[in-house]
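Peer 1: Output the structure for:
(one chain, ligands or ions: 2)
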Amino acid sequence: MGPKNLYLHTFGCQMNVYDSERIRQLLASRNYRLVEDPSEADLIFLNTCSVRAKPEQKVYSALGRFRALKKRKPNLIIGLGGCLAQQEGERFLQRFPYVDFLLGTKELGRINELLDDLDTLGKRGWAISLDGRIDPYASLPFLPSPSRATAFVTIMQGCDNFCSFCIVPFVRGREVSRPSPDILEEIRALAAQGVKEITLLGQNVNSYGNKAPDEISFTELLGGIQEIHGIERIRFTTSHPKDLSPELIRSFGRLSKLCEHIHLPLQSGSNRVLKRMNRGYSREEYLERVNELRKVCPQISITTDLIVGFPGEEEADFQSTLDVVEQVQFDDLFSFKYSDRPYIRAAEFQDKVPGEVSRRRLMELQARQRRITLKRNKIWEGREDEVLLEGRSKENPEENTGRTRTNHIVNFPGTDDAIGSLVRLRIERAFAHSLRGGRIV
Ligand code: SAM
Ligand code: SF4
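Peer 2: Ligands and ions are numbered 1, 2, ... in the order given. Predicted structure coming up:
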């Protein structure tokens with residue numbers, strides 16, 4: 001049988017990006033190859049996100065477009081995976097009769113089984129159990145993809161924290177760490193393919209291995225990766241402030257490959273709101289962690305996530321968030337308006353903040369941070385730094401793009417260096433979203 005075309009669209013977080021790569025590999029064994037134009041596809045697979053209402057809406061509008069396509073091309077197969085598939089379950093297939101199969105967050109390995117049923121029996125199917133499969137990656141062959149400079153590696157699934165705004169524990173299940181030998185083997189395979197930078201993924205990487213008595217700790221895992229020949233840089237995300245251990249903080253001064261950047265979601269600067277969010281730390285404890293990190297690693301860049309308009313958030317709470325933002329001087333932040341979700345505890349809170357108040361707070365927070373980011377970026381002007389060349393710049397294909405160890409994007413002239421090389425540059429100009437570098441002559 002000749003090759004078949006796969007259009008794979010990933011919504012949401014880096015974990016979904018990793019899962020999509022695993023799905024692409026599984027489907028390659030079935031002779032599917034990626035295409036960029038959905039109208040050429042034999043199979044459309046949407047790997048979905050439901051963390052807020054907005055990404056969920058994006059999935060529905062994409063489905064609307066693909067429905068029209070399927071009318072013209074009845075043999076087109078449409079499959080849905082990830083958090084929205086998990087959230088909605090079987091009823092999704094009743095609501096959307098043109099969707100052929102559903103794959104839950106822990107059932108990725110069953111995609112070929114569902115496609116077999118469709119091919120041979122014409123049967124639409126779903127695999128959405130969160131229970132049985134402890135390590136959803138254990139059953140998947142790992143076939144590293146051809147040379148890229150960077151790769152994600154998911155080291156744990158699910159979450160046990162139940163922050164009151166968050167759907168993740170309900171759609172990704174309880175926290176389960178992957179066995180460290182599997183992770184190290186995967187990273188060695190990636191290094192052999194030319195990957196130079198690894199980003200370890202988990203909802204709360206700091207608690208890696210805590211539930212498995214024989215497993216190594218997260219810092220020991222970092223130590224193991226440090227020893228892998230060919231890997232030059234290590235990153236991880238996300239760290240939960242309540243579990244950021246002194247040992248992990250010390251790693252930033254100890255492990256030469258660990259990049260000087262941490263994403264440390266704060267969510268709110270108000271103790272009252274943090275408590276209702278069930279975050280497990282206070283604003284003071286958060287600030288203390290930031291101090292400790294900067295003591296061990298003065299050049300570390302710190303980014304965060306913040307939610308505005310959480311139920312019951314008063315003007316004074318929002319001001320406390322702005323205060324922390326000014327105090328910490330984050331390098332950048334991701335900010336969101338609180339969004340009601342199925343299953344979450346905050347959905348039951350009665351004191352919802354009106355939409356226009358949340359919108360105004362979001363704009364104020366973002367304007368404040370834009371100024372801080374630009375100011376922080378300006379610090380780099382005139383300095384020399386090491387950049388990992390990741391590819392050609394999106395805006396200008398005549399130029400290279402890469403990242404510093406502190407996770408700043410740098411665009412710079414030239415296209416002759418190989419992807420994956422480490423280049424020393426002088427930072428000539430800083431902008432709000434990137435830096436401009438020049439060759440050192
Ligand atoms: N595990 C990470 C942590 O503990 O910070 C975050 C994971 S969550 C998938 C990514 C971000 O989405 C969160 O940090 C939060 O800021 C945002 N988020 C999650 N649920 C939300 C909601 N209901 N409304 C608005 N933002 C939300
Ligand atoms: Fe969601 Fe909280 Fe778990 Fe992060 S730590 S995934 S915000 S429940």
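Peer 1: So which elements touch the helix or strand of the chain with the lowest mean pLDDT?
Peer 2: In the chain, the helix or strand scored least confidently by mean pLDDT, DSSP states H and E is strand 125-127, which has a mean of 86. With contacts taken as 3 or more CB pairs under 8 Å, 6 or more residues apart in numbering; DSSP states H and E, strand 125-127 sits against strand 101-103, helix 111-121. (Glycine included, C-beta is placed from N, CA and C.)
Peer 1: So what touches that strand?
Peer 2: Strand 125-127 is contacted by residues 85, 89-90, 93, 101-104, 107, 110, 113-114, 117-118 when judged by CB atoms under 8 Å, 6 or more residues apart in numbering.
Peer 1: Which one of the helices and strands packed on strand 125-127 has the poorest average confidence?
Peer 2: When these are ranked by mean pLDDT, helix 111-121 comes last with a mean of 91.
Peer 1: Just confirm G224 is within a helix.
Peer 2: Yes: when DSSP: H, G, I helix; E, B strand; the rest coil is applied, G224 is found to be in a helix.
Peer 1: re the thing from before, of all the helices and strands packed on strand 125-127, which one comes closest to V296?
Peer 2: strand 101-103 (42.0 Å; CB to CB).
Peer 1: Could you pick out the residues of the stretch 151-300 of the chain near ligand 1 for me?
Peer 2: 165-166, 168, 203-204, 238, 240, 265, 267 (CB under 6 Å from any ligand atom).
Peer 1: Going by distance to S39, which of the residues you listed wins?
Peer 2: V168 (33.8 Å).
Peer 1: who's in contact with the residue nearest to the closest one when sequence neighbours are not counted?
Peer 2: Leaving out its chain neighbours, the residue that sits closest to V168 by CB to CB, 6 or more residues apart in numbering is C159, at 5.0 Å. Applying CB under 8 Å, 6+ apart to C159 gives the contacts 166, 168-169, 172, 174-175, 203-204.
Peer 1: what does the stretch 251-400 of the chain put close to ligand 2?
Peer 2: Going by CB under 6 Å from any ligand atom, none of the residues of the stretch 251-400 of the chain are near ligand 2.
Peer 1: low-scoring stretches of the stretch 251-400 of the chain, by residue?
Peer 2: Of all residues in the stretch 251-400 of the chain, none has pLDDT under 70.
Peer 1: May I see the buried residues of stretch 234-254?
Peer 2: Of all the residues in stretch 234-254, those buried under the rule 16 or more other CB atoms under 10 Å are 234-244, 248-249, 251-252.
Peer 1: residues touching G420, list them.
Peer 2: When contacts are counted by CB under 8 Å, 6+ apart, G420 touches 147-149, 194-196, 388-389.
Peer 1: what does the model give it for pLDDT?
Peer 2: For G420, the predicted pLDDT is 91.
Peer 1: Ok, K4 next?
Peer 2: 96.
Peer 1: could I get the helices and strands packed on strand 125-127 as CSV with mean neighbour count?
Peer 2: Formatted as CSV, the helices and strands packed on strand 125-127 follow (neighbours: other CB atoms under 10 Å):
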stretch, mean neighbour count
strand 101-103, 26
helix 111-121, 15
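Peer 1: ok, now how distant is G269 from S421?
Peer 2: Separation of G269 from S421 (CB to CB, to the nearest Å) stands at 41 Å.
Peer 1: what do you get for R370?
Peer 2: 32 Å.
Peer 1: most residues in a single helix of the chain, which one?
Peer 2: Ranked by residue count and defined by DSSP state H, the top helix of the chain is helix 355-378.
Peer 1: and the closest residue to A41 other than its chain neighbours, how many neighbours?
Peer 2: In space, and not counting its chain neighbours, A41 is closest to Y7: 3.8 Å by CB to CB, 6+ apart. Applying other CB atoms under 10 Å, we find 22 residues neighbouring Y7.
Peer 1: Just to be sure, Y7 is in a strand?
Peer 2: Yes: assignment of Y7 by three-state DSSP places it within a strand.
Peer 1: That one against V35, yeah?
Peer 2: Yes: taking CB atoms under 8 Å as the definition, Y7 is a contact partner of V35 at 5.7 Å.
Peer 1: Tell me the residues that contact both of the two, please.
Peer 2: A41.
Peer 1: Please pick the buried ones from the contacts of C159.
Peer 2: By 16+ other CB under 10 Å, these give 166, 168-169, 172, 175, 203-204 as buried.
Peer 1: Of all pairs in those, which one spans the longest distance?
Peer 2: Set against one another by CB to CB, the buried ones among the contacts of C159 have their most distant pair in C166 and E175, with a gap of 13.0 Å.
Peer 1: circling back to that earlier point, sort out for me which of the buried residues of stretch 234-254 are in strands.
Peer 2: In strands, judged by DSSP state E, the following of the buried residues of stretch 234-254 are found: 234-237.
Peer 1: just so I have it, where are all the helices in the stretch 1-150 of the chain?
Peer 2: In the stretch 1-150 of the chain, the segments counted as helices under DSSP state H, counting those that start in this stretch are 14-28, 53-72, 83-88, 91-95, 111-121.
Peer 1: so where's the stretch 51-200 of the chain shaky on pLDDT?
Peer 2: For the stretch 51-200 of the chain (pLDDT under 70), the answer is 132-134, 136, 139-147.
Peer 1: Closest residue of it to ligand 1?
Peer 2: Among the residues of the stretch 51-200 of the chain, F165 lies nearest to ligand 1; the distance is 4.1 Å by CB to the nearest ligand atom.
Peer 1: So the closest residue to I128 other than its chain neighbours versus V328, what's the distance?
Peer 2: Of all residues not flanking I128 in the chain, G104 sits nearest, at 3.5 Å (CB to CB, 6+ apart). Counting by CB to CB, the gap from G104 to V328 is 38 Å.
Peer 1: Of the two, give the one with the bigger neighbour count.
Peer 2: G104 (24 against 20).
Peer 1: who's in contact with the more buried one?
Peer 2: 81, 85-86, 126-130.
Peer 1: One more pass at 7 Å, please.
Peer 2: 85-86, 127-130 (CB atoms under 7 Å, 6 or more residues apart in numbering).
Peer 1: Ramachandran coordinates for it?
Peer 2: When read as degrees, to the nearest 10, the backbone of G104 gives phi -70, psi 170.
Peer 1: picking that back up, so which elements touch the longest helix of the chain?
Peer 2: Helices and strands touching helix 355-378, by 3 or more CB pairs under 7 Å, 6 or more residues apart in numbering; DSSP states H and E, are strand 301-308, helix 315-328, strand 332-337.
Peer 1: and W380, which of the ones you listed is closest to it?
Peer 2: strand 301-308 (10.0 Å).
Peer 1: so that closest one versus helix 355-378, what angle?
Peer 2: Strand 301-308 and helix 355-378 are oriented at 170 degrees to each other (axes from the mean of the first three to the mean of the last three CA atoms, to 10 degrees).
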